[in-house]
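1. show me the folded form of this:
(one chain, ligands or ions: 1)
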Amino acid sequence: MSEPLLFEISSGNRKGFSLPPMDVPEKDLANLIPEKFLRKNDTGLPELSELDVIRHFVRLSNLNHHIEKGFYPLGSCTMKYNPVINELLVNNDGLTGLHPFQDEETAQGAMQIMGELGDYLCEISGMDSITMQPCAGAHGELTGIKIIRAYHESKGNPRKKIILPDSSHGTNPATAAISGYEIVQIKSNKEGLVDLDELKSHLDDEVAAFMLTNPNTLGLFESQVVEISKMLKDVGALLYMDGANLNALFGVVRPGDMGFDVVHFNLHKTFATPHGGGGPGSGPVAVKESLKEFLPVPVIVKKDSKYVFDFDRPKTIGKIQGFYGNFLVMVKAYIYIRMLGSKGLKNVTKNAILNANYILKSLEKYYDLPYKRTPMHECVFSGDRQKEKGVKTLDIAKRLLDYGIHAPTVYFPLIVHEALMIEPTETESKETLDNFIDAMISIAKEAEENPELVKSAPVKTPVSRLDEGLAARNLNVRYERKD
Ligand SMILES: *Cc1c(COP(=O)(O)O)cnc(C)c1O
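-> Next up is the predicted model:
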């Protein structure tokens, strides 16, 4: 791989575009800006033509794997293809040019989008009220747990513990800990679901909430939620749903109807928006009526056919975001929901489930399946059988890159040895799934017949196997100029 940095290909005095000649008198900067703010040295920014820059970034994108280049079955992350029309529509000046301090009167269209999106999400989830502020799933969790704490405080005692299953996403225990709660982790049962007896043994009046992902991170539907919700109500605790996997439920069942009190959405997984590399995301949080008064301010409400920001919430947890959330991600979710309609959303769910089950059935002869139940939108295999030949899950993941396919999520959930967590999403065709299945079957054969080949993968990518810890441990983003 030999793509130099823009700084390295900079060739002095080259420009991306030229400005027309000035038609006003030129003034010396020193007369306009105080001396102490003036730069003493040249900025050192690269000087290049537009073509130099475009080619640089296109070459870089060719070296990388992305959803527009190939299949990306990263479990739990929901890497579905996102419609181009979203990008075109959100690039509208009326949306991108808004200022967050603008008077509500002058931004009614944007307020309506946020207000209606909130209504749709409440309807989809069976909840009563919502905040759009959180900027990611983890941020939504923090908001949700703060609301739960405020609720218990209003009853006189914030309580001490949060219970979560051992299959939960790492952000769940992190959220509980950062919110000042003690974490009680409970084991999953043989079916990969919440063990009710174990849950019961931890329930008392110091439990603030149980955080549950449904479908859980094994891709399995937690079928006992109604019972779990009753058990929690008996001790005055609340039920939190990590809704990152809502693309396996929406249009078919609703968290609110199952007894969840709080749910966060990952708009960037479930409702379009390309993601990865840190954002942007959006993690709205919806709550039941009894928790409404604790939502972050401002809450968008409709008064006399106008949308306004309501700051008058004495019991609010405060602000969770500088302004109102990642607005353009909300717009994309809005477009996605409006384009699909209720029937379309239901089909998303059905196809996501069908695709995951097709992969599971096609691969179950070749890879170990620790939980033999019908999954929802993702399936989790174990690489234990291949490991006996010295081929680890990491090697399988690397070998897939040689087949032009991004690796699935590996080594998560933690309760599965050598886990391979595959989420195809609803947007992939049968041909793409078959191509992936063929690759996985060939790798299983290679692991039997030629384990060294798999262990040395990838061999066809721009760079071979990297030291994955090095960049994180020795981060160096400084470019040293040679002159
Ligand atoms: C992705 C994910 C999260 C965290 O969401 P972010 O937007 O990455 O912060 C939480 N729980 C589950 C199950 C997830 O898949």
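2. what's the local residue count around the residue nearest to Gly404 when sequence neighbours are not counted?
-> In this structure, Gly404 finds its nearest non-sequential neighbour in Gly70, 5.1 Å apart by CB to CB, 6 or more residues apart in numbering. In short, each C-beta sits where N, CA and C put it, glycine included. Using other CB atoms under 10 Å, Gly70 has 15 neighbouring residues.
3. wait, isn't Gly70 in contact with Asp402?
-> No - counting by CB atoms under 8 Å, Gly70 stays clear of Asp402, with 11.9 Å between them.
4. which SS class is the residue nearest to Gly404?
-> Classification of Gly70 by DSSP: H, G, I helix; E, B strand; the rest coil places it in coil.
5. again with the one 10 residues further on
-> The three-state label for Lys80, taken from three-state DSSP, comes out as coil.
6. give me the next element, helix or strand, following the lengthiest helix in the chain.
-> Longest helix of the chain, by residue count under DSSP state H: helix 327-363. Per DSSP states H and E, the first helix or strand lying C-terminal to helix 327-363 is strand 379-382.
7. got the phi/psi numbers for the nearest residue to Asp204 once chain neighbours are set aside?
-> Of all residues not flanking Asp204 in the chain, Val235 sits nearest, at 6.1 Å (CB to CB, 6+ apart). Here is the backbone geometry of Val235 (degrees, to the nearest 10): phi -110, psi 10.
8. equivalent analysis for Lys69, please.
-> As for Lys69, its main-chain torsions (degrees, to the nearest 10) stand at phi -110, psi -30.
9. and it, how far from Asn351?
-> Using CB to CB, to the nearest Å, one gets 22 Å for the distance from Lys69 to Asn351.
10. quick check: the residue nearest to Gly404 vs Ile405, distance?
-> 6 Å.
11. list the contacts of the closest residue to the ligand within the stretch 51-200 of the chain.
-> Closest approach between the stretch 51-200 of the chain and the ligand, counting by CB to the nearest ligand atom: Gly137, at 2.2 Å. Taking CB atoms under 8 Å, 6 or more residues apart in numbering, we find Gly137 in contact with Thr171, Asp242, Ala244, His264, Asn266, Lys269, Gly281, Gly283.
12. surely the last one meets Phe265?
-> Yes - between Gly283 and Phe265 there is a contact under CB under 8 Å: 6.5 Å.
13. show me what contacts Pro314?
-> Pro314 makes contacts with Glu293, as judged by CB under 8 Å, 6+ apart.
14. Ile145 too?
-> Contact partners of Ile145, counting by CB under 8 Å, 6+ apart, are Ile162, Thr175, Ala176, Ser179, Tyr181, Ala208, Ala209, Met211, Tyr240.
15. helix/strand/coil for it?
-> Per three-state DSSP, Ile145 ends up helix.
16. and it, how far is that from Ala272?
-> Here Ile145 is placed at a distance of 27 Å from Ala272 (CB to CB).
17. returning to that earlier point: so which of the contacts of Ile145 are in strands?
-> Ile162, Ala208, Ala209, Met211, Tyr240 (DSSP state E).
18. give me every residue that touches the fourth one.
-> Contact criterion CB under 8 Å, 6+ apart gives Glu141, Ile145, Ile162, Ile163, Leu164, Ser168, Asn172, Thr175, Ala176, Tyr240, Met241, Asp242 as the residues in contact with Met211.
19. for the last one, what are phi and psi?
-> Taking degrees, to the nearest 10, you get phi -80, psi 110 for the backbone angles of Asp242.
20. which non-adjacent residue is nearest it?
-> Once flanking residues are discounted, Asp242 sits nearest to Thr213: 4.1 Å by CB to CB, 6+ apart.
21. quick one on the thing from earlier: what's the most distant pair in the contacts of Gly137?
-> Using CB to CB, these reach their maximum pairwise distance at Asp242 and Gly281, which is 14.3 Å.
22. the more surrounded of those two?
-> Using other CB under 10 Å, the more surrounded residue of Asp242 and Gly281 is Asp242, with 28 against 22.
23. what about the more buried one, distance to the ligand?
-> Going from Asp242 to the ligand by CB to the nearest ligand atom, to the nearest Å gives 5 Å.
24. likewise for Asp23?
-> 49 Å.
25. ranges for the strands of the protein?
-> For the chain, strands defined by DSSP E occupy the ranges 129-131, 161-165, 182-186, 207-213, 238-243, 262-265, 285-287, 299-303, 306-310, 379-382, 409-410, 419-422.
26. what do Gly283 and Phe265 both touch?
-> When contacts are counted by CB under 8 Å, 6+ apart, Gly283 and Phe265 have Gly140 as shared neighbours.
27. up against the ligand, what does the protein have?
-> 76, 136-138, 169, 171, 213, 217, 242, 244-245, 266, 281, 283 (CB under 6 Å from any ligand atom).
28. before we move on, the earlier item: between the ones in strands among the contacts of Ile145, which sits nearest Pro451?
-> Checking these against Pro451 with CB to CB, the nearest one is Met211 at 40.0 Å.
29. for Leu433, see how far away Lys361 is.
-> Relative to Leu433, and taking CB to CB, Lys361 is found at 11 Å.
30. which of these two has more neighbours?
-> Taking other CB under 10 Å, Lys361 and Leu433 do not tie; Leu433 has more neighbours (19 against 12).
31. show me what contacts that one?
-> By CB under 8 Å, 6+ apart, Leu433 lies in contact with Asn355, Tyr358, Ile359, Ser362, Pro424.
32. for the second one, which non-adjacent residue is closest in space?
-> Which is Tyr358. Leu433 (5.9 Å).
33. C-alpha coordinates for stretch 30-40, PDB please?
-> The C-alpha coordinates for stretch 30-40 follow below in PDB (Å, rounded to 0.1, in the frame of the first residue of the first chain):
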ATOM      1  CA  ALA A  30      -2.500  43.500  10.400                       C
ATOM      2  CA  ASN A  31      -4.900  46.500  10.400                       C
ATOM      3  CA  LEU A  32      -7.900  44.300  10.900                       C
ATOM      4  CA  ILE A  33      -6.800  41.600  13.400                       C
ATOM      5  CA  PRO A  34      -4.800  42.300  16.600                       C
ATOM      6  CA  GLU A  35      -1.200  41.400  16.300                       C
ATOM      7  CA  LYS A  36      -1.300  38.600  18.900                       C
ATOM      8  CA  PHE A  37      -3.800  36.600  16.800                       C
ATOM      9  CA  LEU A  38      -1.800  36.800  13.600                       C
ATOM     10  CA  ARG A  39       0.100  33.700  12.500                       C
ATOM     11  CA  LYS A  40       3.900  34.100  12.400                       C
END
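34. could you give me the average pLDDT of that stretch?
-> Mean pLDDT, stretch 30-40: 91.
35. what's in contact with that stretch?
-> Leu29.
36. please give the centre-to-centre distance between that stretch and its chain.
-> Offset of stretch 30-40 from its chain centre (CA atoms, centre = their mean, to the nearest Å): 44 Å.
37. now do stretch 403-418
-> Relative to its chain's centre, stretch 403-418 lies at 17 Å (CA atoms, centre = their mean).
38. what pLDDT, on average, does that stretch get?
-> Stretch 403-418 shows a mean pLDDT of 96.
39. can you check stretch 467-479 too?
-> Over the span of stretch 467-479, the pLDDT mean works out to 86.
40. over to stretch 208-222?
-> Mean pLDDT, computed over stretch 208-222, is 96.
41. of Lys69 and Asn351, who's got more company?
-> The residue with more neighbours, out of Lys69 and Asn351, is Asn351; 17 against 12, by other CB under 10 Å.
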